[in-house]
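> structure of the sequence below:
(one chain, ligands or ions: 2)
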Amino acid sequence: MAKKEYRHSVSLDAEKCIGCTSCLRQCPTEAIRIRDGHARITAELCIDCGNCVRVCRQKAKRAVFDKFSDISPKYKWRIALPAPTLYGQFDNLKDVGALIDALLDCGFDEVYEVAKAAEIISEATRRYMRKQDIPRPVISSACPAIVRLIRMRFPDLCDNVLPILPPVEYASRKAKEKALEAHPELTEKDICTVFISPCPAKASYAKNGLSQTSSTIDYVVSISEMYLLLRDKVKRAEPGHSESQSGISGVKWASSGGESEGLFNDRYLAADDMNNAIQVLDAIETGKFPRLEFIELNACPGGCVGGPATVANPYIAKSRILGLRHGLPSSKNYLKLMDQKPDYVPENLMVDSPIKNHIPPVRLSDDFSEAMRMMQEIDRIYEELPRIDCGSCGAPTCRAFAEDVVKGECLFDDCVVYMRRMMQQQKTGGETT
Ligand code: SF4
Ligand code: SF4
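Ligands and ions are numbered 1, 2, ... in the order given. Model prediction:
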């Protein structure tokens with residue numbers, strides 16, 4: 001079977017790029033190089049975290065989403081799946097019901113809150129954590145950029161990733177199922193789900209699935225686009241509107257730590273921002289880690305509220321979401337599993353197949369002895385470099401530059417620091433290496 005090509009959600013407009021290198025060191029997988037004055041992304045290494053989108057002042061890096069207008073008229077039933085982060089974008093939102101009304105007013109036929117699904121996933125996770133024979137610590141599967149990072153850079157930790165569907169996937173599946181039940185006149189082809197997303201990583205998830213698991217989400221529209229359509233409608237919202245179907249524990253998933261708090265287990269760690277997440281994963285992999293039960297990692301600062309496709313400051317969004325929680329019950333959604341064992345997790349909540357590693361194509365050579373020779377050459381060149389990781393060569397680190405030289409992707413002369421030193425030595429008649 002032909003290998004399915006990964007469809008990315010971060011793209012580069014090389015014409016806008018001025019080669020400033022701001023994005024170079026923000027990329028957690030070293031996927032970016034500056035060549036001929038412009039950035040380039042190595043697609044196989046990109047995990048769509050959106051870090052480069054966030055730092056590029058030229059707007060040369062772009063997160064790619066569907067447009068609201070792309071939703072095909074062939075669908076007779078359009079279901080909005082708002083991320084809980086959407087709730088924190090409006091300064092005048094009094095309750096989530098008003099936002100649901102505004103979404104319906106935009107043309108959706110139904111709204112299924114991802115926060116509602118998150119409450120079910122929290123309960124399923126609590127059950128899963130009671131199992132004795134699972135690899136610990138369990139690592140959340142909710143942030144697709146983190147899952148892809150693990151599959152690529154920390155493949156030994158794949159078995160630790162929670163094998164339960166992320167809330168947005170469960171929301172999409174459940175919403176479609178319920179719509180079919182409630183509207184027998186509809187067929188599967190008549191229904192589409194539209195996720196309103198804070199980040200490109202979740203748009204990539206909808207296109208590619210988690211690992212082998214494919215997604216049922218049909219469209220992913222950015223929060224920033226929907227914000228513009230919703231802003232005035234939310235302002236005008238009257239009392240007597242729809243009611244939110246989620247409680248505090250679902251809404252909390254918008255910011256870092258919210259998922260963990262729903263587990264009622266103090267032995268957790270929640271870290272946000274890609275650099276912190278990498279440090280945590282490094283520590284788990286090398287065994288230098290306290291004995292904890294659950295690890296929640298979010299690629300974006302502050303959690304999903306810090307996603308590059310949001311409009312509000314993440315701290316303000318978090319505080320607005322805290323305000324919306326007043327009066328809500330802890331949870332409105334439960335699995336009804338009275339006669340089951342406490343560690344039983346229903347099959348329809350589990351990922352369709354295990355999370356597997358995804359090692360990008362061989363970087364050096366398929367031939368083992370040639371790869372060894374190249375590795376030695378990389379070490380030799382690296383020793384000669386200034387090892388200050390200045391980025392002026394167009395690679396994020398001196399080590400990455402040495403690798404690029406050996407692969408023939410650039411010349412040793414591209415290291416300006418090394419060249420300057422050589423010229424200096426020549427001027428003063430010193431020895432060069
Ligand atoms: S941040 Fe990266 S993509 Fe943006 S202008 Fe600078 S080098 Fe180009
Ligand atoms: S989206 Fe993330 S992984 Fe991809 S090029 Fe940008 S910073 Fe690197």
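
> does Pro137 touch Pro290 like I think?
No. Counting by C-beta atoms under 8 Å, Pro137 does not reach Pro290; the two are 9.2 Å apart. C-betas here are computed from N, CA, C, even on glycine.

> of these two, who's got more company?
Shown here are Pro137 and Pro290; by other C-beta atoms under 10 Å, Pro137 has more neighbours (20 against 9).

> for that one, list the residues it contacts.
Pro137 is in contact with Asn160, Leu269, Ile284, Phe289, Leu292, Glu293, Phe294, Ile295, counting by C-beta atoms under 8 Å, 6 or more residues apart in numbering.

> spit out the contact partners of the last one.
Read that as Ile295. Taking C-beta under 8 Å, 6+ apart as the definition of contact, the neighbours of Ile295 are Pro137, Val138, Ile139, Ser140, Asn160, Tyr268, Leu269, Ala270, Ala271, Val280, Ile284.

> mind checking what secondary structure it has?
In three-state terms, and counting by DSSP: H, G, I helix; E, B strand; the rest coil, Ile295 is strand.

> how close does it sit to Asp273?
Taking C-beta to C-beta, to the nearest Å as the criterion, Ile295 is separated from Asp273 by 14 Å.

> likewise for the fourth one?
Relative to Asp273, Phe289 is positioned 18 Å away (criterion: C-beta to C-beta).

> Pro184 too?
In this structure, Pro184 and Asp273 are 47 Å apart, going by C-beta to C-beta.

> between the two, which has more neighbouring residues?
Ranked by neighbour count (other C-beta under 10 Å), Pro184 and Asp273 place Asp273 first, with 18 against 7.

> pick out the residue in the stretch 201-350 of the chain sitting closest to ligand 1.
The shortest separation between the stretch 201-350 of the chain and ligand 1 is 13.1 Å, found at Pro308 (distances taken as C-beta to the nearest ligand atom).

> quick revisit: quickly check the contacts of Ile295 for the two that are furthest apart.
Greatest spatial distance in those: Asn160 and Ala270, 15.6 Å, computed using C-beta to C-beta.

> can you pull out the strands in the stretch 151-300 of the chain?
Assigned strands in the stretch 151-300 of the chain, in chain order: 191-197, 219-222, 268-272, 294-298 (criterion: DSSP state E, counting those that start in this stretch).

> make CSV out of the ones you listed and add mean pLDDT.
Conversion of the strands of the stretch 151-300 of the chain to CSV gives the following (pLDDT from 0 to 100):
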stretch, mean pLDDT
strand 191-197, 98
strand 219-222, 98
strand 268-272, 96
strand 294-298, 98
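
> include distance to Met152 when you put those into a markdown table, please.
Shown next, in a markdown table, are the strands of the stretch 151-300 of the chain (distance: least, C-beta to C-beta, whole Å):
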| stretch | distance to Met152 |
| --- | --- |
| strand 191-197 | 22 |
| strand 219-222 | 22 |
| strand 268-272 | 18 |
| strand 294-298 | 14 |
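
> which one of these lies closest to Glu113?
For Glu113, the closest of the strands of the stretch 151-300 of the chain is strand 191-197, at 10.4 Å, according to C-beta to C-beta.

> quick one on the thing from earlier: and the pLDDT for the residue of the stretch 201-350 of the chain closest to ligand 1?
Predicted confidence (pLDDT) for Pro308: 95.

> run a quick neighbour tally on the residue nearest to it when sequence neighbours are not counted.
Setting aside the residues directly before and after it, Pro308 is nearest to Gly50 in space (C-beta to C-beta, 6 or more residues apart in numbering), at 4.1 Å. By the measure other C-beta under 10 Å, the count of residues near Gly50 is 29.

> related to what we said a few turns ago, neighbour-wise, which of the contacts of Ile295 leads?
Going through these with other C-beta under 10 Å as the criterion, the one with the most neighbours is Ile139, at 27 neighbours.

> for the protein, which spans come out with low pLDDT?
Flagging of the chain using pLDDT under 70 yields the residue ranges 1-4, 211-213, 239-240, 361-363, 430-433.

> mind giving me the domain split of it?
Per the record, the chain has its domains at 1-64, 68-133+160-254+306-349, 362-433, by automatic domain parsing.

> quick one: which of these is nearest Leu263?
Put simply, out of the domains of the chain the one that sits nearest Leu263 is domain 68-133+160-254+306-349, at 5.7 Å, with distance taken as C-beta to C-beta.

> what distance do you get for the residue nearest to Cys398 when sequence neighbours are not counted to ligand 2?
Nearest residue to Cys398, sequence neighbours excluded (C-beta to C-beta, 6+ apart): Leu385, at 4.3 Å. When distances are taken as C-beta to the nearest ligand atom, to the nearest Å, Leu385 and ligand 2 turn out to be 23 Å apart.
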